[in-house]
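Engineer: quick one, structure for this:
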Amino acid sequence: MLRKALIICLAAALFFSTISFAENAAKEACDKGAEYASKGDLDGAIGAFGHAVEADPSYAPAYFNRGNAYEAKSLYDDALSDYNEAIVLKPKYAEAFINRGNIYYKRGEYDKALLDYMKALGIDSSRSEAYVNLALTYTRLSQYDQALFYYDKAIESDDDASLYLDRGKVYNEKEMFDDALADFNKAVKLMPDSSDAYLNMGLTYARKGRYDDAILEYNRSIELDSKNAESYLGRAISLANKMQNEKAMSDINKALELNPQYAEAYLNRGNLYFNQGQNDLSISDYNKAIELNQQYAEAYFNRGVVYVKRGEFNQAIYDYTKAIDIRPDHAQILFNRANAYLSQGDVDSAISDFTKSIESNKNDIDYYINRGIAYARKGLAEEAINDFKKALEINPKSPAAFFNLALIYDGKIQYEDSLKYYAKAIEVNPKYIEAYLNRGIIYSNRTQYDQAIANFNKAISIDPKNPEGYFNRGLVYDNNGNYDKALADYNKFIELNPNHVSGYVNRGIIYVKKALYDNAIDDFDKVIELNPQSANAYFNKALVSEKVGRIKDAIEAYKNFIKYATPQLAAYVNGAKDKILELEKANR
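Structural biologist: Numbers count the residues shown, from 1 in each chain. As a prediction, this is how the structure comes out:
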């Protein structure tokens, strides 16, 4: 809290004074104004100070004190005008500089505020209010080293508990947690009943990840002030981090009961709902937080995260954009919006946002990796490679960077380079299933079937419920002519992924090769059930139906093939028409 110079009015002059009548009248009116102010009658005070000005327009304290009263009524323009006049009349009026600085502070004119506080100290270096207000202003400007310097100065002249409390908060911002705790403990010694001191100790322990200690301090804060909503919220956050969600929810609800306008509590309850998978309730709370504070970037950001989870990317991009409008250089928000753009296929916008996030934070490898992925989707392979290699400069053991480099070289059909980087990804992360699968596919494409099967076996051993390992191993067995093993793998793939058409297509073809034609037809029918416009499934069914003498089924399947044939299948359409004529003629 800003400190201001007190209202000062001198008592009436003694008999032997040479004071003028006008000045004496001004002082009397000023004393009357101070009396009104002490009773909370600011309008009466302003009137009395006005009489003092009328009695002696050159009497600086009258303007100063009326400025104080105007400031108390938040009439900042009037207050500023009076402080200006007081300073004109009394250029070394330290109190007036301090209070005018406070007006500038409240108006967000921090440079002017700093200048006034410094002028006050130039007049009187013992003014602790000026040191405190300089510290507060530098804190507001996030210039924490200067803030600490002036808190140190203030504490030298005023061993006040609130100063230790405020300095501790600055130490927290600088993540100097031990220094912060020392200051909060000092505040407690000076002011044992300070609920806020215990609250801030709780916040500090929480930032250190010491949630049990944090909860103890929040408990003490609540014991001292059972209506301290911030302490309930702080305790709730620590409880949530300990996965004690029911207790956390109870504390957040208590905080909101105490302060129904507590935007931060709605934000954190929204987070709790999100972690419990209750997305609608989560969005409702983020909406409320935004309603209470339309500049709440975190609420827009978190709501955007929920929309991404729901696949509502337009809504997510809107929220991320609102958050960016409030915090334009926040790298994480830019990164999230970039990912949302990428999910929508807007690669150019994604690359633009990834680039901005990198400009704000050049040391996060995820930003380079995801921009590299965006470049790859745009077909800019060299740019992608540069980004993945930049990520490796930051973290030489990033499995994701190695994996994505391997993918790029795989796409360029530079298999030796691709295999080299898959090997590095696996070296760093021996359980990297996707790397084993992709390496297995390269070996399969190069007809190095033993190596391919070894990689698919490894992927399956890491995660027996990953269907891709079975599918790809089935393909290799199929190519090797080992149809029984291929069939077993396709069966497992279908068991794990019953709605994927590829499993039924490939199993159907195996059944054909094994002359199990009814089984094959059943599988092609299943493909058609899952994708009624699958021309290939109709064509395969037609061939097998014809082979087993199901002429009507074959004719119908050929007709559907013609109906759904894509341009890539146009070469087969005339043959299908000929087949229909041939079968219809034979079936008469």
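Engineer: so what touches stretch 92-102?
Structural biologist: Contact partners of stretch 92-102, identified using CB atoms under 8 Å, 6 or more residues apart in numbering, comprise 2-6, 8, 60, 64, 67-68, 71, 79-80, 83-84, 86-87, 90, 112-117, 119-121, 123-124, 127, 129-130, 133, 137. C-beta here means a position set from N, CA and C on the backbone, and glycine is covered the same way.
Engineer: surely Leu134 meets Leu114?
Structural biologist: Yes: counting by CB atoms under 8 Å, Leu134 does reach Leu114; the two are 6.5 Å apart.
Engineer: among the contacts of stretch 92-102, name the ones in helices.
Structural biologist: Counted as lying in helices by DSSP state H, out of these, are 60, 64, 67-68, 71, 79-80, 83-84, 86-87, 112-117, 119-121, 123, 129-130, 133, 137.
Engineer: just the buried members of the residues you listed?
Structural biologist: Among those, those classed as buried by neighbour count (16 or more other CB atoms under 10 Å) are 60, 64, 67-68, 71, 79-80, 83, 86-87, 113-114, 116-117, 119-121, 123, 129-130, 133, 137.
Engineer: any idea of the mean pLDDT for stretch 466-474?
Structural biologist: Stretch 466-474 shows a mean pLDDT of 96.
Engineer: please read the previous query as pertaining to stretch 486-503.
Structural biologist: Rounded mean pLDDT across stretch 486-503 is 96.
Engineer: quick one: it to chain centroid distance?
Structural biologist: 39 Å (CA atoms, centre = their mean, to the nearest Å).
Engineer: contacts made by that stretch with the rest, please.
Structural biologist: With contact meaning CB under 8 Å, 6+ apart, stretch 486-503 is reached by 465-467, 470-471, 473-475, 477-478, 504, 506-507, 510-511, 514, 527, 530-531, 534, 537.
Engineer: in ChimeraX, select just the buried ones from the residues you listed.
Structural biologist: Restricted to buried positions by 16+ other CB under 10 Å, the ChimeraX selection for the contacts of stretch 486-503 reads:
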select :466,467,470,471,473,474,475,477,478,504,506,507,510,511,527,534,537
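Engineer: sitting in helices, which of the contacts of stretch 486-503 do you find?
Structural biologist: 467, 470-471, 473-475, 477-478, 504, 506-507, 510-511, 527, 530, 537.
Engineer: which strands and helices lie in contact with the helix or strand of the chain with the lowest mean pLDDT?
Structural biologist: Least confident element among the helices and strands of the chain, by mean pLDDT, DSSP states H and E: helix 21-38 (a mean of 82). If you count contacts as 3 or more CB pairs under 8 Å, 6 or more residues apart in numbering; DSSP states H and E, helix 21-38 packs onto helix 42-55, helix 60-72.
Engineer: buried residues, it. List them.
Structural biologist: Buried residues in helix 21-38 (16+ other CB under 10 Å): 23-34, 36-37.
Engineer: then stretch 167-180?
Structural biologist: By neighbour count on 16+ other CB under 10 Å, the buried set for stretch 167-180 is Arg167, Gly168, Lys169, Val170, Tyr171, Asn172, Met176, Phe177, Asp179, Ala180.
Engineer: could the residues you listed go into JSON lines alongside secondary structure, pLDDT and distance to Ile103?
Structural biologist: Output for the buried residues of stretch 167-180, formatted as JSON lines (DSSP: H, G, I helix; E, B strand; the rest coil; pLDDT from 0 to 100; distance: CB to CB, whole Å):
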{"residue": "Arg167", "secondary structure": "helix", "pLDDT": "96", "distance to Ile103": "25"}
{"residue": "Gly168", "secondary structure": "helix", "pLDDT": "96", "distance to Ile103": "28"}
{"residue": "Lys169", "secondary structure": "helix", "pLDDT": "95", "distance to Ile103": "24"}
{"residue": "Val170", "secondary structure": "helix", "pLDDT": "96", "distance to Ile103": "23"}
{"residue": "Tyr171", "secondary structure": "helix", "pLDDT": "96", "distance to Ile103": "29"}
{"residue": "Asn172", "secondary structure": "helix", "pLDDT": "94", "distance to Ile103": "28"}
{"residue": "Met176", "secondary structure": "coil", "pLDDT": "96", "distance to Ile103": "32"}
{"residue": "Phe177", "secondary structure": "helix", "pLDDT": "96", "distance to Ile103": "35"}
{"residue": "Asp179", "secondary structure": "helix", "pLDDT": "96", "distance to Ile103": "32"}
{"residue": "Ala180", "secondary structure": "helix", "pLDDT": "95", "distance to Ile103": "31"}
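Engineer: sort out which one of those residues lies nearest Asp346 for me.
Structural biologist: Asn172 (39.3 Å; CB to CB).
Engineer: from Arg127, how far off is that closest one?
Structural biologist: Note on Asn172: its distance to Arg127, by CB to CB, to the nearest Å, is 27 Å.
Engineer: same question, Ala565
Structural biologist: When distance is defined by CB to CB, Ala565 is 89 Å away from Arg127.
Engineer: so these two - more neighbours on which side?
Structural biologist: Arg127 (21 against 18; other CB atoms under 10 Å).
Engineer: I'd say the more buried one and Ala120 touch.
Structural biologist: Yes: between Arg127 and Ala120 there is a contact at 5.4 Å, judged by CB under 8 Å.
Engineer: ok, the nearest residue to Leu530 once chain neighbours are set aside - how many residues close by?
Structural biologist: If the residues on either side of it in the chain are set aside, Leu530 comes closest to Val501, at 5.1 Å by CB to CB, 6 or more residues apart in numbering. Neighbourhood size, Val501 [other CB under 10 Å]: 17.
Engineer: if I pick the residue nearest to Tyr517 when sequence neighbours are not counted, what's in contact with it?
Structural biologist: Excluding its sequence neighbours, the residue lying closest to Tyr517 (CB to CB, 6+ apart) is Val548, at 4.8 Å. Val548 makes contact with Tyr517, Asp518, Ile521, according to CB under 8 Å, 6+ apart.
Engineer: for the first one, what are its contacts?
Structural biologist: Read it as Tyr517. Tyr511, Val544, Lys547, Val548.
Engineer: so how far is Glu584 from it?
Structural biologist: Per CB to CB, Tyr517 is found 22 Å from Glu584.
Engineer: re earlier: in helices, which of the contacts of Val548 appear?
Structural biologist: Tyr517, Asp518, Ile521.
Engineer: could you dump these into TSV and include pLDDT?
Structural biologist: Formatted as TSV, these follow (pLDDT from 0 to 100):
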residue	pLDDT
Tyr517	95
Asp518	95
Ile521	95
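Engineer: end to end on stretch 85-101, go ahead and measure it.
Structural biologist: 14 Å (CA to CA, to the nearest Å).
Engineer: ok, back up a step: out of the ones in helices among the contacts of stretch 486-503, who's nearest Ala48?
Structural biologist: Pro467 (85.3 Å).
Engineer: so who does that closest one touch?
Structural biologist: Residues near Pro467 by CB under 8 Å, 6+ apart: Lys492, Phe493, Leu496, Asn497, His500, Gly503.
Engineer: gap between it and Tyr436?
Structural biologist: 14 Å.
Engineer: same thing with Lys112?
Structural biologist: 64 Å.
Engineer: how about Gly33?
Structural biologist: Gly33 is 84 Å from Tyr436, by CB to CB.
Engineer: equivalent analysis for Ala130, please.
Structural biologist: 67 Å.
Engineer: can you check Gly474 too?
Structural biologist: From Gly474 to Tyr436 the distance is 16 Å (CB to CB).
Engineer: all good on my end, thank you.
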